[in-house]
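In: how would this look folded up:
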Amino acid sequence: MKEVSNPHDAIFKAILSRRDAAQSFLATYLPPALTAVLDVQSAELEKDSFVDEELRASYSDLVYSVNLKDGRSLCVYVLFEHKSEPEPLVAFHLIRYMVRLWEDSLKQGKRIRPIIPLVVYHGSASWSPAKRFHDLLDVPDELKPFVPDYRYILTDFSHMPDEEIGGNTLVRVFSVVLKYTFREDISEKLVLITMTLRELMSWQDGMSLVATFLRYLAMSGARISREELRKAVKKALPKEGERIMSSIAQEWFEEGRQQGMLRGIEQGVQRGIEQGVQRGIEQGVLEGLHKSIALGLELKFAADGLRLLPEIRKIADRDVLEAIYEGIKTVNSTADLRRIYKRRRRG
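Out: Down below sits the predicted model:
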């Protein structure tokens with residue numbers, strides 16, 4: 001499987017690459033006519049990649065094989081595809097993916113199998129793209145027999161009533177989180193979301209799953225602040241919430257530091273052509289530290305921490321900035337942090 005950097009694709013793959021979640025998802029959201037003939041409990045994730053580099057930029061490469069209930073050896077592929085905004089040509093892009101799957105079967109000496117494309121959508125805009133391939137072409141009826149055709153199944157969480165959300169605990173959490181990610185009323189639904197997350201804590205890997213969803217909510221562009229999320233989690237999970245959020249905050253902090261350093265060094269090296277490479281790199285390191293500190297202040301102290309930024313941005317001493325960065329991990333107040341850099345600057 002390819003590495004996924006987009007937070008929406010990442011949560012999609014993290015959950016639906018689990019066999020138990022995929023089986024429950026199919027049993028819940030496939031049309032009854034299909035669950036009547038498919039043995040969804042036989043669903044197995046296909047480990048190989050079926051797409052080239054061009055398609056990998058758009059597809060999460062998540063394919064399950066599912067047997068028929070009548071015992072025939074025929075195997076049906078279920079192709080999951082995720083979208084967070086409408087894509088007008090999704091029917092065209094999917095058929096390209098389907099051809100890749102059929103080509104792979106033929107290379108292995110197998111018969112080509114039916115493929116059920118399943119698009120999971122949770123964007124804020126209404127889904128309007130054509131659901132049938134024929135609908136993409138403006139041709140008279142006389143020519144349609146000469147044009148391939150298929151349709152995909154759309155699972156639209158954006159407009160799905162809460163009472164229609166189903167599946168096992170993990171699939172219900174997944175569905176609720178996707179439904180409200182881009183909605184204006186997500187702040188009002190935070191209690192519902194975090195209380196649903198609490199149901200996962202009884203699972204063997206519940207802590208890890210909850211952290212996965214919280215990372216997604218914080219990084220997905222949802223209309224909630226990290227402070228709102230922190231408070232909701234602590235309320236729903238009074239025992240575990242603080243520990244989970246502290247762990248996630250530390251990950252964000254370290255990730256931000258690394259990204260800030262890399263961006264700063266890259267910019268510094270570019271400037272180094274004119275200023276001298278070493279001087280440019282040093283300037284890049286300072287910029288990276290400033291970016292990392294800003295992220296750390298926001299994560300740990302929210303608005304109170306950001307009020308320190310005007311003072312800290314004036315600091316150009318690498319040792320002092322390193323001390324501030326390390327101090328954010330240990331101090332309990334912005335006053336304690338200010339004392340660190342005031343003391344270091346006097347020294």
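In: Helices of the stretch 51-200 of the chain, start to end?
Out: Per DSSP state H, counting those that start in this stretch, the stretch 51-200 of the chain carries helices over the ranges 53-56, 90-107, 169-180, 190-198.
In: With respect to K234, which of these lies nearest?
Out: helix 190-198 (9.1 Å; Cβ to Cβ). Glycine gets a C-beta too; all of them are placed from N, C-alpha and C.
In: Just the CA atoms of whichever helix or strand comes after the closest one, as PDB, please.
Out: As assigned by DSSP states H and E, the chain's next helix or strand after helix 190-198 is helix 206-219. Output in PDB follows, covering the C-alpha atoms of helix 206-219 (Å, rounded to 0.1, in the frame of the first residue of the first chain):
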ATOM      1  CA  GLY A 206      -9.300   1.400  21.500                       C
ATOM      2  CA  MET A 207      -6.800   4.000  22.700                       C
ATOM      3  CA  SER A 208      -4.900   3.900  19.400                       C
ATOM      4  CA  LEU A 209      -8.200   4.100  17.400                       C
ATOM      5  CA  VAL A 210      -9.400   7.100  19.400                       C
ATOM      6  CA  ALA A 211      -6.100   8.800  18.900                       C
ATOM      7  CA  THR A 212      -6.400   8.200  15.100                       C
ATOM      8  CA  PHE A 213      -9.800   9.900  15.000                       C
ATOM      9  CA  LEU A 214      -8.600  12.800  17.100                       C
ATOM     10  CA  ARG A 215      -5.600  13.400  14.900                       C
ATOM     11  CA  TYR A 216      -7.900  13.400  11.900                       C
ATOM     12  CA  LEU A 217     -10.300  15.900  13.500                       C
ATOM     13  CA  ALA A 218      -7.500  18.200  14.400                       C
ATOM     14  CA  MET A 219      -5.800  18.000  11.000                       C
END
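In: Check the offset of helix 206-219 from the chain's centre.
Out: Its chain's C-alpha centre and that of helix 206-219 lie 10 Å apart, by Cα atoms, centre = their mean, to the nearest Å.
In: and what of stretch 107-122?
Out: When distances are taken as Cα atoms, centre = their mean, stretch 107-122 is centred 23 Å away from the chain's centroid.
In: what comes up buried for it?
Out: I115, I116, P117, L118, V119, V120, Y121, H122 (16 or more other Cβ atoms under 10 Å).
In: Mind putting these into JSON lines with distance to D149 and pLDDT?
Out: JSON lines is the format used below for the buried residues of stretch 107-122 (distance: Cβ to Cβ, whole Å; pLDDT from 0 to 100):
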{"residue": "I115", "distance to D149": "13", "pLDDT": "94"}
{"residue": "I116", "distance to D149": "15", "pLDDT": "95"}
{"residue": "P117", "distance to D149": "13", "pLDDT": "94"}
{"residue": "L118", "distance to D149": "17", "pLDDT": "94"}
{"residue": "V119", "distance to D149": "17", "pLDDT": "94"}
{"residue": "V120", "distance to D149": "22", "pLDDT": "94"}
{"residue": "Y121", "distance to D149": "21", "pLDDT": "94"}
{"residue": "H122", "distance to D149": "27", "pLDDT": "92"}
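In: out of these, who's nearest V210?
Out: Minimum distance to V210 across the buried residues of stretch 107-122 is 19.5 Å, recorded for H122 (Cβ to Cβ).
In: pretty sure the closest one is touching T181, no?
Out: Yes: contact criterion Cβ atoms under 8 Å: H122 and T181 qualify, at 6.1 Å.
In: and for these two, which residues touch both?
Out: The contact sets of H122 and T181 overlap at S84 (Cβ atoms under 8 Å, 6 or more residues apart in numbering).
In: and among the helices of the stretch 51-200 of the chain, the most buried is which?
Out: For these, the largest average neighbour count (mean count of other Cβ atoms under 10 Å) is found in helix 169-180, namely a mean of 23.
In: Excluding its own residues, what touches the host helix or strand of A33? List them.
Out: Using DSSP H and E, A33 falls within helix 32-35. Helix 32-35 has contacts (Cβ under 8 Å, 6+ apart) with L26, A27, I116.
In: mind checking how far the closest residue to the last one other than its chain neighbours is from E103?
Out: Here the nearest residue to I116 in space, its sequence neighbours aside, is V78; by Cβ to Cβ, 6 or more residues apart in numbering that works out to 5.0 Å. Here the criterion is Cβ to Cβ, to the nearest Å. By it, V78 lies 18 Å from E103.
In: Ok, G166 next?
Out: For G166, the distance to E103 equals 36 Å [Cβ to Cβ].
In: Please, where are all the strands along the stretch 151-300 of the chain?
Out: In the stretch 151-300 of the chain, the strands defined using DSSP state E, counting those that start in this stretch lie at 153-156.
In: and if you look at the stretch 1-150 of the chain?
Out: With strands called from DSSP E, counting those that start in this stretch, the stretch 1-150 of the chain shows them at 38-45, 62-68, 75-83, 115-121.
In: who does the last one touch, helix- and strand-wise?
Out: Meaning strand 115-121. Counting contacts by 3 or more Cβ pairs under 8 Å, 6 or more residues apart in numbering; DSSP states H and E, strand 115-121 packs against strand 75-83, helix 90-107, strand 153-156.
In: Neighbouring strands - and their directions - for that strand?
Out: Strand 115-121 has these partner strands in its sheet, going by DSSP bridges: strand 75-83 (parallel), strand 153-156 (parallel).
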